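Peer 1: would you be able to build a 3D model of this:
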Amino acid sequence: MLPAPRFGSALRHSLSRLLAPALVAAAGVLLSAAAGAPTAPASAPPALPYSPALDPAAMDRSVDPCVDFYAYSCGGWMRGHPIPPDQASWSVFEKLHSDNLTFLGQVLATAAVPGPARDPATAQIGDFYASCMDEAAIARAGAAPLAEQLAAIDSIHTLDDLAPVVARLQLATAASMLFDVGSNQDFKDSSQVIAVVAQGGLGLPDRDYYLKEDPRSVEIRARYLALVGGTLHRLGEAAPAADAEARQVLALETRLARASISRVDERTPENVYHRRSRAQLAALVPRFNWDRYFAAFPAPDPAALKDLNVAEPGFFSGLETLLESADLASLRAYLRWRLADARATQLAPDFERDHFDFYEGFLRGNKEMKPRWRRCVEWVDRDLGEALGKVYVERTFSPEAKARTVKMVGEIERAMDADLADPRQLPWMSAATRAEALRKLHAMANKVGYPEHWRDYGAVRVERQDFAGNVQRATWFETRRQLAKIGKPVDRAEWSMTPPTVNAYYDPFKNDINFPAGVLQPPLFDPRLDDAPNYGDTGGTIGHELTHGFDDEGRQFDYAGNLRDWWTPGDAREFQTRARCVEEQYARYTVVDDIKINSKLTLGEDVADLGGLLLAFRAWREATRGQQLHPVDGLTPEQRFFVGYGQSWCTNQREQDQRLRAVTDPHSPPRYRTNGVVSNLPEFREAYGCKTGQPMAPATMCRVW
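Peer 2: As a prediction, the model looks like this:
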């Protein structure tokens, strides 16, 4: 799809349990030669492997849970699950993601076999997968898939020529070129979709990498410069010219970085919502021909583009300053680099190897690429995700599992309803704010497992020997689909994740919580086990997403998803005081070496972790009221609840990945998503008999919700 403008989670959605990086793909081996590649099963359909939601062997009972609950819950798991060479980290979430890929790989290996029995959807996903696995055809194509777009870049002879080319590149690649573009619900009228233009255009993961002068940042820029120069050389530039152009690209991107606001500032919705007319946008950046830019869009109706959200006006003022002085040769070099970078994983192996060596190897510490077939499964999920997801749901997510999850969601919502309705639970909140909070909770929609209506990809032409073309045609399909929403009512049934995704999210504009089937599998949700670990894990996830509607960002949106201040001034101050307690707590935690958590960036996720687990515990207590619960494996039911939560975060992580995430990830490291939360819960102290003053029982506790 078009790149989601990289705002705070209020616009990006809260991908709240995310540990795995954004999926990457492409370059590899022939289908028949792929080491470890799934093959079509001879008889029985594939099945996901089983792992329990609570595994006593994954614990380290030599650790005092009141000193380090994360090590107590996960010590055995961490010793027994080293990081695979093709991963930057390895966690319970990532292992389940890997198991899902193995399962889907078997499905796609079968679908890729031509035959009259294949229906059109099966043939489409099968042929897409086969094209991705055909490394010989990809290698023969070399950089040829870029030829048309490179020619368009070469045709830029004036600034007026720049705009339509940028539009076509954005639409064809879904990449960030000079800035980001997309569609989103209007902050002030969530019933309608509006066009959005936002800061972007950077090749490094964050603006700070361009601006900091510490040794690591300097080294990153030097390695990045080498990547840019090497890529331009592969596109046909002589080495000295390519190196000179790389320096121009870095200088241009640095200017974009200086004009950008920080990730922390993006978390304030007012910082990224500025409704402007087309005329006002043109006045802000007059050197960019916006009429020609929007004329290059295949949709929507021009009348729908009369007004749009210029998310960060200061960035676009900076873009105008850049265009005042940047020469066209530098702009062409920049666009060639951004194009090649966006499509490197669809090109010949040399392009992808260079891309991997920098972004995955150097920045994140991966030792090897993922096997080709795994990357190809991820491509199918990215580009034809609901077609593949339909098969996944049919084989892995029973109606009984959905019903049990829906029941748990309802119980956790009732727990929050009870908190909000009882002034004794939240004595700091006035009746007026309490009524609005209840209104928002009661209006919240729940989406579990999969969409009500499956997307039709029939318009995407797929050819078995044209992987790059298949990706581009799928991208065109999605970008047109996104742009066609502008000026139309919101489709509140639509999902932003595919069914096999091991994640969940809250959407502040639709005011809904979303749990794909992929995150509702063992060991995260285990129908074979008792309720205690399931409520600790999946219940914590549900409570987390629900709490996002009331975290420091989500609380700024009302029951209908509109940006509206529904708090009394006094209640807002009380909320901020309680949130500040969490912020100050997490700011003391060390990520690696002398790097601390950027708790202003992680605040929303930290508040949601804390509120979510408290809600899950109360819902579990209510769901099991009157039942005779007994210890299992030497753990009381309450202890099983908390170990279920702790084991959901078991993770091993490379140092490079820790450093990268400390800058870019709005989630705290897994150790602190565990210890930071339980140390604030009296229920945990009681379960383990912790004494005040122990690390998991500090004298001061934080509570927001």
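
Peer 1: okay but residue 74 is in contact with residue 58, surely?
Peer 2: Yes - between residue 74 and residue 58 there is a contact at 6.4 Å, judged by C-beta atoms under 8 Å. Glycine gets a C-beta too; all of them are placed from N, C-alpha and C.

Peer 1: look at these two and report which has more neighbours.
Peer 2: residue 74 (29 against 23; other C-beta atoms under 10 Å).

Peer 1: how about the nearest residue to the more buried one, chain neighbours excluded?
Peer 2: residue 650 (3.8 Å; C-beta to C-beta, 6 or more residues apart in numbering).

Peer 1: got it, and residue 62?
Peer 2: Leaving aside its sequence neighbours, residue 62 sits nearest to residue 75 (C-beta to C-beta, 6+ apart; 7.7 Å).

Peer 1: next, count neighbours for that neighbour.
Peer 2: 18.

Peer 1: ditto for residue 247
Peer 2: The number of residues packed near residue 247 is 14, by other C-beta under 10 Å.

Peer 1: per-residue confidence for it?
Peer 2: We note a pLDDT of 98 for residue 247 in this prediction.

Peer 1: ditto for residue 299
Peer 2: 71.

Peer 1: and the strands in this protein?
Peer 2: 14-15, 89-91, 179-186, 189-199, 275-277, 307-310, 445-449, 505-507, 512-516, 590-592, 595-596, 651-653 (DSSP state E).

Peer 1: any idea which of these scores lowest on pLDDT?
Peer 2: strand 14-15 (a mean of 30).

Peer 1: joint contacts of residue 74 and residue 58?
Peer 2: 647, 650 (C-beta atoms under 8 Å, 6 or more residues apart in numbering).

Peer 1: for residue 693, which of the strands of the chain is the nearest?
Peer 2: Nearest to residue 693 among these is strand 590-592 (20.6 Å), distances taken as C-beta to C-beta.

Peer 1: for that closest one, packing partners?
Peer 2: helix 655-664 (3 or more C-beta pairs under 8 Å, 6 or more residues apart in numbering; DSSP states H and E).

Peer 1: from residue 467, how far out is residue 346?
Peer 2: Plainly put, residue 346 is 6 Å away from residue 467 if you go by C-beta to C-beta, to the nearest Å.

Peer 1: per-residue pLDDT, the residue nearest to residue 74?
Peer 2: For residue 650, pLDDT reads 98.

Peer 1: residues in contact with it?
Peer 2: Taking C-beta under 8 Å, 6+ apart as the test, what residue 650 contacts is 58, 73, 74, 77, 78, 81, 91, 92, 670.

Peer 1: please redo it, this time with the cut-off set to 6 Å
Peer 2: Counting by C-beta atoms under 6 Å, 6 or more residues apart in numbering, residue 650 makes contact with 74, 77, 92.

Peer 1: do residue 663 as well
Peer 2: By C-beta under 6 Å, 6+ apart, the contact list for residue 663 reads residue 206.

Peer 1: can you check residue 597 too?
Peer 2: Contacts for residue 597 (C-beta under 6 Å, 6+ apart) come out as 586, 589, 591, 668.

Peer 1: burial count for residue 241?
Peer 2: 14.

Peer 1: how close does it get to residue 250?
Peer 2: Residue 241 is 15 Å from residue 250, by C-beta to C-beta.

Peer 1: try residue 430
Peer 2: Residue 430 is 53 Å from residue 250, by C-beta to C-beta.

Peer 1: compare neighbour counts for the two and give me the winner.
Peer 2: Legend: neighbour count by other C-beta under 10 Å for residue 430 and residue 250, higher for residue 250 (21 against 15).

Peer 1: and the closest residue to the more buried one other than its chain neighbours, how many neighbours?
Peer 2: Using C-beta to C-beta, 6+ apart and skipping residues adjacent in sequence, the residue nearest residue 250 is residue 225, 5.6 Å away. Residues near residue 225, counting by other C-beta under 10 Å, number 15.

Peer 1: right, and residue 225 touches residue 245 too?
Peer 2: No - applying C-beta atoms under 6 Å, one finds residue 225 not in contact with residue 245, separated by 10.6 Å.

Peer 1: below-threshold pLDDT in the chain: ranges please.
Peer 2: 1-45 (pLDDT under 70).

Peer 1: cutoff 50 now
Peer 2: 1-35, 41-43 (pLDDT under 50).

Peer 1: what's the single longest helix in it?
Peer 2: helix 599-623 (DSSP state H).

Peer 1: ok now it, how far from the chain's centre?
Peer 2: 19 Å (C-alpha atoms, centre = their mean, to the nearest Å).

Peer 1: buried ones in it?
Peer 2: 599-620, 623 (16 or more other C-beta atoms under 10 Å).

Peer 1: which elements pack onto that helix?
Peer 2: helix 263-266, helix 399-421, helix 540-548, helix 569-587, helix 670-678 (3 or more C-beta pairs under 6 Å, 6 or more residues apart in numbering; DSSP states H and E).

Peer 1: restricting to C-alpha, output the last one in CSV.
Peer 2: Going back to what we said before, that points to helix 670-678. Listed next in CSV are the C-alpha coordinates belonging to helix 670-678 (Å, rounded to 0.1, in the frame of the first residue of the first chain):
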residue,chain,number,x,y,z
PRO,A,670,10.9,-7.2,26.3
ARG,A,671,12.6,-7.4,29.7
TYR,A,672,11.0,-4.1,30.8
ARG,A,673,7.7,-4.9,29.2
THR,A,674,7.7,-7.7,31.8
ASN,A,675,9.5,-6.3,34.9
GLY,A,676,8.3,-2.8,34.4
VAL,A,677,4.7,-3.9,34.4
VAL,A,678,4.6,-6.5,37.2
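
Peer 1: elements contacting it?
Peer 2: Under the contact criterion of 3+ C-beta pairs under 6 Å, 6+ apart, helix 670-678 touches helix 69-80, helix 599-623.

Peer 1: name the surrounding residues that touch that helix.
Peer 2: 69, 70, 586, 589, 609, 610, 613, 646, 649, 651, 684, 696.

Peer 1: can we see that at 8 Å?
Peer 2: 19, 68-70, 73-74, 91, 585-586, 589, 597, 605-606, 609-610, 613, 642, 645-646, 649-651, 653, 667-668, 684, 695-696.

Peer 1: please list only the buried members of those.
Peer 2: 19, 68-70, 73-74, 91, 585-586, 589, 597, 605-606, 609-610, 613, 642, 645-646, 649-651, 653, 667-668, 684, 696.
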